[in-house]
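Trainee: Next come a sequence and a model predicted from it.
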Amino acid sequence: MTQTGSPRTRHGTVPTSASQRNCEPTGQTQTDPPTRPHADTTRQSPAAACEVAMESPTSAASRPDFYDFLDRMRRPAAADLFRSIKSFLVSFSFHEPNTEEDGSKVQAFFTEMEGAIRDHPLWANATNQEIDHAIEGLEKYIMTKLFDRTFGASSEDAITDMEISEKISLLQQFVKPHHLDIPKVLHNEASWLLAVKELQKINSFKAPREKLLCIMSCCQVINNLLLNISMSNDRTLSGADEFLPILIYITIKANPPQLHSNLKFVQLFRRETKLVSEVEYYLTNLISAKMFIIDVNARSLSMEESEFQKHMESARLATKISVASPSSSQGLPTYTRAHKEETDLAGSRFPFMDSETESLSPGEVKQLHDLYRQVVTRYTLLSKALRKLSIDEDQLLSSVDDS
């Protein structure tokens, strides 16, 4: 991976727009990754070390904050807090969705509610940690309720997500570790696969904290791998020069769904006080990986321009062939099947994408209507499958609303 400067200069500097304000470094440089091993990971194999890197969003350790918060909100003494929360949620119905403005409102509300909870009898004599747990529960409650409004809601976000996914699906077909200057001593397929699977979980959750846990778990797998290799080979770590290329490769292998929307959602709606230190470092690096993929060219992959274009054209051709084959989706990786469906939207299964309305015959209108019904049916089934992952929590949310 040819670079004209440090990874921070080339890939780690993130625009400072409102939608990206939470990734400004605060005391830790991009080239200084966290070096604190988790527990006794320095004496474990890379795979074993990765498994204890961080709590999973589905683990018991990640849930008590939320359940305790819901339990307290059912109590009569919490009526004043619950009215404030409901009033805040209702206020969004008076305004059109705007993720940046919504993010600012949510952050201000978290700050306001932290003070209210500290002064509330239900948390009398509570420790700072108990107060923090309550705000974590509040964040999850608020953002689960506002999820459909705040996550990937704009057409611009949807287009960016699709473009990134399509580009990654092409890169997957030819990018190898050596294209990113990853030395062979750092190759570990078992750890890489674990990191891929952690990152692919990100779209299974609605709360910013849980999405961030997926990012953290993925990055800590990589960091633990680097720590173990450095110790077993008496090798000095070179910071983001080694970490970022591996994360880019993992991101390409994973092709996480709606990568842009997920990162934007975490940046805007995860509590600002939590986006610091190690968390900030990992999040900033994944944003850098995303930007690398968006801007990827021959030079960034240490290729000649002609070779890069040849690989990209071959990948596009392979994609078209896979779409044309009736049985092509069987046995293929998830990302290939997903890309096939995306390509179908503008391909042979939807032949009227570029047609003018006036030029359609009655028979073609009927055919178009049938295709529309297929799309709606598939979308509905997919949405139900995804939402089933958090159905128990949705039921709890409803029980609080009804109390």
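Mentor: That came in fine, so what should we check first? Residues are numbered from 1 along each chain as shown.

Trainee: This structure: strands as residue ranges?
Mentor: Using DSSP state E, the chain contains no strands.

Trainee: quick one, domains of it?
Mentor: 7-48+154-301, 63-150, 345-403 (automatic domain parsing).

Trainee: which of those domains sits most buried?
Mentor: With neighbours taken as mean count of other Cβ atoms under 10 Å, the domains of the chain reach their highest mean count in domain 7-48+154-301, at a mean of 19. Placement of C-beta: from N, CA and C, glycine included.

Trainee: that older thread, figure out which of the domains of the chain is closest to residue 313.
Mentor: domain 7-48+154-301 (9.5 Å; Cβ to Cβ).

Trainee: can you tell me the average pLDDT over the closest one?
Mentor: Averaged across domain 7-48+154-301, the pLDDT comes to 81.

Trainee: same deal with stretch 321-340?
Mentor: Rounded mean pLDDT across stretch 321-340 is 51.

Trainee: Residue 247 is in contact with residue 219, correct?
Mentor: Yes - judged on Cβ atoms under 8 Å, residue 219 makes contact with residue 247 at a distance of 6.6 Å.

Trainee: Between the two, which contacts overlap?
Mentor: Residues touching both residue 219 and residue 247 (Cβ atoms under 8 Å, 6 or more residues apart in numbering): 285, 286.

Trainee: Please name the residues that touch the residue lying closest to residue 271 once chain neighbours are set aside.
Mentor: Once flanking residues are discounted, residue 271 sits nearest to residue 110: 5.5 Å by Cβ to Cβ, 6 or more residues apart in numbering. Contacts for residue 110 (Cβ under 8 Å, 6+ apart) come out as 135, 138, 139, 142, 271.

Trainee: Quick check, the first one in contact with residue 111.
Mentor: No - taking Cβ under 8 Å as the contact criterion, residue 135 and residue 111 are not neighbours in contact, 9.4 Å apart.

Trainee: what's the overlap in contacts for the two?
Mentor: Counting by Cβ under 8 Å, 6+ apart, nothing touches both residue 135 and residue 111.

Trainee: mind checking how far residue 182 is from residue 226?
Mentor: From residue 182 over to residue 226 the distance is 11 Å, taken as Cβ to Cβ, to the nearest Å.

Trainee: Check the gap between residue 77 and residue 123 for me.
Mentor: Residue 77 is 11 Å from residue 123, by Cβ to Cβ.

Trainee: Also residue 197?
Mentor: Remark: distance between residue 197 and residue 123 (Cβ to Cβ) = 38 Å.

Trainee: Next: residue 112.
Mentor: Distance, residue 112 to residue 123, using Cβ to Cβ: 15 Å.

Trainee: same deal with residue 251?
Mentor: For residue 251, the distance to residue 123 - Cβ to Cβ - is 40 Å.

Trainee: same check, this time on residue 236
Mentor: 47 Å.

Trainee: ok, now residue 163?
Mentor: The gap separating residue 163 from residue 123 is 46 Å, by Cβ to Cβ.

Trainee: next one: residue 220
Mentor: 31 Å.

Trainee: Residue 161 too?
Mentor: In terms of Cβ to Cβ, residue 161 sits 39 Å off from residue 123.

Trainee: do residue 310 as well
Mentor: Noted for residue 310: a distance of 63 Å to residue 123, by Cβ to Cβ.

Trainee: next one: residue 256
Mentor: Counting by Cβ to Cβ - residue 256 and residue 123 are separated by 37 Å.

Trainee: same thing with residue 374?
Mentor: Distance from residue 374 to residue 123, by Cβ to Cβ: 52 Å.

Trainee: and what of residue 262?
Mentor: Taken as Cβ to Cβ, the span from residue 262 to residue 123 is 32 Å.

Trainee: swap in residue 157?
Mentor: Counting by Cβ to Cβ, the gap from residue 157 to residue 123 is 37 Å.

Trainee: Equivalent analysis for residue 362, please.
Mentor: According to Cβ to Cβ, residue 362 stands 66 Å off from residue 123.

Trainee: Please apply the same query to residue 179.
Mentor: Distance from residue 179 to residue 123, by Cβ to Cβ: 53 Å.

Trainee: Go ahead and confirm residue 256 touches residue 262.
Mentor: Yes - Residue 256 is in contact with residue 262 according to Cβ under 8 Å; the separation is 7.0 Å.

Trainee: what ranges do the helices span in the stretch 1-150 of the chain?
Mentor: 7, 46-51, 64-73, 79-91, 99-118, 128-145, 147-150 (DSSP state H, counting those that start in this stretch).

Trainee: so which of the ones you listed gets nearest residue 302?
Mentor: helix 7 (14.8 Å).

Trainee: Just give the closest residue to residue 286, not the sequence neighbours.
Mentor: Counting by Cβ to Cβ, 6+ apart, the residue nearest residue 286 is residue 215, at 5.6 Å.

Trainee: Near residue 312, how many other residues are there?
Mentor: 17 (other Cβ atoms under 10 Å).

Trainee: okay, it: pLDDT?
Mentor: The model reports residue 312 with a pLDDT of 94.

Trainee: For it, which non-adjacent residue is spatially closest?
Mentor: Residue 312 sits nearest to residue 170 (Cβ to Cβ, 6+ apart), 5.9 Å away.

Trainee: shouldn't the one you found be in contact with residue 319?
Mentor: Yes - using Cβ under 8 Å, residue 170 is in contact with residue 319, at 7.2 Å.

Trainee: Now render the helices of the stretch 1-150 of the chain as JSON lines, adding distance to residue 186.
Mentor: Converted to JSON lines, the helices of the stretch 1-150 of the chain look like this (distance: least, Cβ to Cβ, whole Å):
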{"stretch": "helix 7", "distance to residue 186": "15"}
{"stretch": "helix 46-51", "distance to residue 186": "10"}
{"stretch": "helix 64-73", "distance to residue 186": "36"}
{"stretch": "helix 79-91", "distance to residue 186": "47"}
{"stretch": "helix 99-118", "distance to residue 186": "37"}
{"stretch": "helix 128-145", "distance to residue 186": "35"}
{"stretch": "helix 147-150", "distance to residue 186": "37"}
